[in-house]
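A.B. asks: show me the folded form of this:
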Amino acid sequence: MTSIDPILLASAAATATALAFGATQVLWTTRGPPRPPAARWLAIAAAACTAQATVALLGPIAAPEPLAALLQLVGVANVAAVWAFAMHLLDDGWRWTPLRAGAFVALMASPTVYALSSRGLLPVAWAEAWSPWGAVPAGLAVAHLVLLALRGAADDLVDERRRGRRWLVALIAVGLATVLVGEALGGLGGERLRMGTAALLAFVAMSALARWPRDAWGRAAPAPRPAAPAPSPADALELARLRRLMHEERVYLDPELDLPRLAARVGVPPHRLRRLIRGHLGHRHFADFLNEARLADVRQRLADPALARRPILSVALDAGFASLATFNRVFKAREGLTPTAFRQQALGDARADDPHHSTK
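C.D. replies: The predicted model follows:
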């Protein structure tokens, strides 16, 4: 076995320590059933990244069997596990679908091919042929994470997670820049830069995540909203103004309504409105708050016999939804059936309850 550069070894040890410490702290913070999926995936991602770093540093056969095989088996999930963790963390409503499961498998493809090739279970030529395409799934995953983090930042009502979206993008940018510079330098210097940066990023990220409260990690579905605390007199006045705007003036009908505009209507700064909606109304995302009001409006319209011939697209747009695709996704996720099926069921129940309606 060749000697290992002490700086690389120290960097790898620091990375593993930071990942283990952060994951342990998060698991402790979120202890007790049901544990949020994001916390579980953080632990899986930490284990996979540590295993992958160990294999990359020591080589696939440096450790005794079966430890070497176990490290490679766990390590192939490193990118996929980080992606799954971020998806659960940034989106409370994120659920596994066949397409998302396929994306997870695709992210494991490159490390699996390289691992099997290094152990002689696949021809080396296969790994060489795959090499030009190996970074494509990971690159798409990084782009997806950046898009999701930036797109949901303005409407995120969870303070820790909203700030976390910004440093997630910053960490990705620093990591990618380090990889490019490290590859340009090449040799031991480039490897030291990559491993040292990995240790620094792991320490920063896990230190921040370890300080998050349990509620910031989301809830395992299905879970009831926690009871809201009694509002202070100032909160009560602001909540009353908010409810009047939503229920009497129906400001949610405006498809362009966003959190800053609603905050201006209520007469409070945006950060204050975030705390009111999250702390007293139980919503973790501004879009969920708006969609709840819009869906109530839609349900009433779909159950109205006088509007039975009005197209569902028109009903959705009238209620403030910006597109039919968004409306269909939100409606089915909340109601468990399509808008068409809901309308048929609601109008059928209305006819059955009508004393003037005869089935003879």
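A.B. asks: what is the burial count for residue 174?
C.D. replies: 15 (other Cβ atoms under 10 Å). Every C-beta, even on glycine, is put in place using the N, C-alpha and C of the backbone.
A.B. asks: next one: the one 10 residues further on
C.D. replies: Under the neighbour criterion other Cβ under 10 Å, residue 184 is assigned a count of 9.
A.B. asks: angles on the backbone of it, please.
C.D. replies: phi -70, psi -40 (degrees, to the nearest 10).
A.B. asks: next one: residue 285
C.D. replies: phi -150, psi 140.
A.B. asks: that one pairs with what?
C.D. replies: residue 156 (DSSP bridges).
A.B. asks: and it, how far from residue 198?
C.D. replies: Residue 285 is 31 Å from residue 198, where distance means Cβ to Cβ, to the nearest Å.
A.B. asks: between these two, who's got more neighbours?
C.D. replies: Neighbours per residue (other Cβ under 10 Å) separate residue 285 from residue 198, with residue 198 holding more: 22 against 19.
A.B. asks: thought the more buried one was touching residue 53?
C.D. replies: Yes: proximity of residue 198 to residue 53 meets the contact threshold set by Cβ atoms under 8 Å, at 6.9 Å.
A.B. asks: now the common contact residues for these two.
C.D. replies: Both residue 198 and residue 53 are contacted by residue 15, under the criterion Cβ atoms under 8 Å, 6 or more residues apart in numbering.
A.B. asks: per-domain residue ranges of this structure.
C.D. replies: 6-217, 233-353 (automatic domain parsing).
A.B. asks: same list (the ones you listed) but as CSV, adding mean pLDDT.
C.D. replies: Shown next, in CSV, are the domains of the chain (pLDDT from 0 to 100):
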stretch, mean pLDDT
domain 6-217, 89
domain 233-353, 92
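A.B. asks: in the stretch 201-350 of the chain, which spans are helices?
C.D. replies: 233-243, 259-266, 270-281, 286-302, 312-318, 324-335, 339-353 (DSSP state H, counting those that start in this stretch).
A.B. asks: any idea which of those helices gets closest to residue 99?
C.D. replies: Closest to residue 99 of the helices of the stretch 201-350 of the chain is helix 324-335 (Cβ to Cβ; 13.4 Å).
A.B. asks: just the angle between the closest one and helix 286-302, please?
C.D. replies: Interaxial angle of helix 324-335 relative to helix 286-302 (axes from the mean of the first three to the mean of the last three Cα atoms, to 10 degrees): 90 degrees.
A.B. asks: which one of the helices of the stretch 201-350 of the chain lies closest to residue 210?
C.D. replies: Closest among these, using Cβ to Cβ: helix 270-281, at 21.8 Å.
A.B. asks: what about residue 263, how many residues close to it?
C.D. replies: Per other Cβ under 10 Å, the neighbour tally for residue 263 reads 18.
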